[in-house]
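A.B. asks: Got a predicted structure plus its sequence, pasted below:
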Amino acid sequence: MKCLVWGLVVEWCVSVAGEGCPSDLTGRQWVLVEPLLPPPRTGPKGGRRERHPRRRIVEAILYLARTGCQ
């Protein structure tokens, strides 16, 4: 079952991409975090194309970690 709250947070963080959130990563922070993420699965047995940029997903996780699910 898909988590409704998680989907809404990712959609919200992607929609305010121009405005930004207080928990958004700076460029320097993203350079440190990006190599820690697993590579996207591609190829004949891999997954489908990613719907949201990985940076926005990490920022949504940080937003939830900072504010909680209010």
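C.D. replies: Yes, it's here. Numbers count the residues shown, from 1 in each chain.
A.B. asks: Quick check: which helices or strands does the top helix by length along the chain pack against?
C.D. replies: Across the chain, the helix with the greatest residue count (assigned by DSSP state H) is helix 54-67. The helices and strands touching helix 54-67, judged by 3 or more Cβ pairs under 8 Å, 6 or more residues apart in numbering; DSSP states H and E, are helix 4-15, helix 27-33. Any C-beta I mention is one placed from the backbone N, CA and C, and that applies to glycine too.
A.B. asks: looking at those, which one has the lowest mean pLDDT?
C.D. replies: Ranked by mean pLDDT, those end with helix 4-15 at the bottom, a mean of 58.
A.B. asks: In this structure, where is pLDDT below threshold?
C.D. replies: The model of the chain has pLDDT under 70 over residues 1-19, 69-70.
A.B. asks: one step back: next, the buried residues of the longest helix of the chain.
C.D. replies: Buried residues in helix 54-67, counted by 16 or more other Cβ atoms under 10 Å: 55-60, 62-64.
A.B. asks: backbone phi and psi for the spatially most distant residue from the centre of the chain, please?
C.D. replies: In the chain, the greatest distance from the average C-alpha position (Cα atoms, centre = their mean) is reached by Pro44, at 24.9 Å. Main-chain dihedrals, Pro44, degrees, to the nearest 10: phi -60, psi -30.
A.B. asks: Quick check: it vs Leu36, distance?
C.D. replies: Spatial separation of Pro44 from Leu36 under the definition Cβ to Cβ, to the nearest Å is 27 Å.
A.B. asks: Now Glu50. Nearest residue, chain neighbours left out?
C.D. replies: When the adjacent residues along the chain are set aside, Glu50 lies closest to Pro40, with 6.0 Å between them (Cβ to Cβ, 6 or more residues apart in numbering).
A.B. asks: how close does the one you found get to Leu32?
C.D. replies: Counting by Cβ to Cβ, the separation of Pro40 from Leu32 is 19 Å.
A.B. asks: what does Ser23 give?
C.D. replies: From Ser23 over to Leu32 (counting by Cβ to Cβ), the distance is 16 Å.
A.B. asks: Those two - which one has more neighbours?
C.D. replies: Neighbours per residue, other Cβ atoms under 10 Å: of Ser23 and Leu32, the larger number sits with Ser23, 16 against 10.
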